[in-house]
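Colleague: Just a sequence and a predicted model for now, questions to come.
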Amino acid sequence: MIRRALTQFMAGRYGGDQLNMFLIVVYVILCVIGLFVRWGILELIALVLVILCLFRSLSRNIDRRRAENAKFLQLARPIARRFSSFRARMGDRDHRYFKCPNCGQQMRVPRGKGRITVHCRSCGATFEEKS
């Protein structure tokens, strides 16, 4: 019964997205920092973030909220991509990563092969690397 009422209430409203999740994470971080440091400005910023998140979730202007989320993703995607590639590189102990000196393309070679000649697929440059 409560679930149906909540579903009817949220019908036609925007709901949650990646920007809202980011706002909630920043809110939680500010609250944790606020436990140790009693600054009124942190509490004010956290309150504004919660209100903004609720406003976005309950908004009926779906096109505008989607545009806001698209702009956020456009800004956040390069950062997330860099973080995920860094994490993948740290977990991969079988390969050595480096950049092509000519075009900057990221490449990987197997570790433990000594000096090898590498051919870049992007620009066609050939060079030696130690693996």
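Modeller: Arrived safely, thanks for sending. Numbers count the residues shown, from 1 in each chain.

Colleague: Tell me the spacing between residue 112 and residue 92.
Modeller: From residue 112 across to residue 92, the span is 14 Å (C-beta to C-beta, to the nearest Å). Using the backbone N, CA and C atoms, a C-beta is placed for each residue, glycine as well.

Colleague: Let me know the secondary structure of the residue nearest the centre of the chain.
Modeller: In the chain, the centroid-proximal residue (C-alpha atoms, centre = their mean) is residue 80; its distance is 3.5 Å. Under DSSP: H, G, I helix; E, B strand; the rest coil, the three-state class of residue 80 is helix.

Colleague: try residue 118
Modeller: strand.

Colleague: Can you get me a residue count around it?
Modeller: 16 (other C-beta atoms under 10 Å).

Colleague: List the beta-bridge partners for it.
Modeller: Beta-bridge pairing of residue 118 under DSSP bridges involves residue 127.

Colleague: That one against residue 127, yeah?
Modeller: Yes: assessed by C-beta atoms under 8 Å, residue 118 is found in contact with residue 127 at 6.0 Å.

Colleague: where does the residue nearest to the centre of the chain land on pLDDT?
Modeller: Residue 80 carries a pLDDT value of 87.

Colleague: Quickly list the domain ranges of this protein.
Modeller: 1-91, 92-131 (automatic domain parsing).

Colleague: Ranked by average pLDDT, which of those domains falls at the bottom?
Modeller: Minimum mean pLDDT among those: domain 92-131, a mean of 84.

Colleague: tell me how far the ends of that one are from each other?
Modeller: 14 Å (C-alpha to C-alpha, to the nearest Å).

Colleague: how about that domain: buried residues?
Modeller: 96, 100, 107, 118, 120 (16 or more other C-beta atoms under 10 Å).
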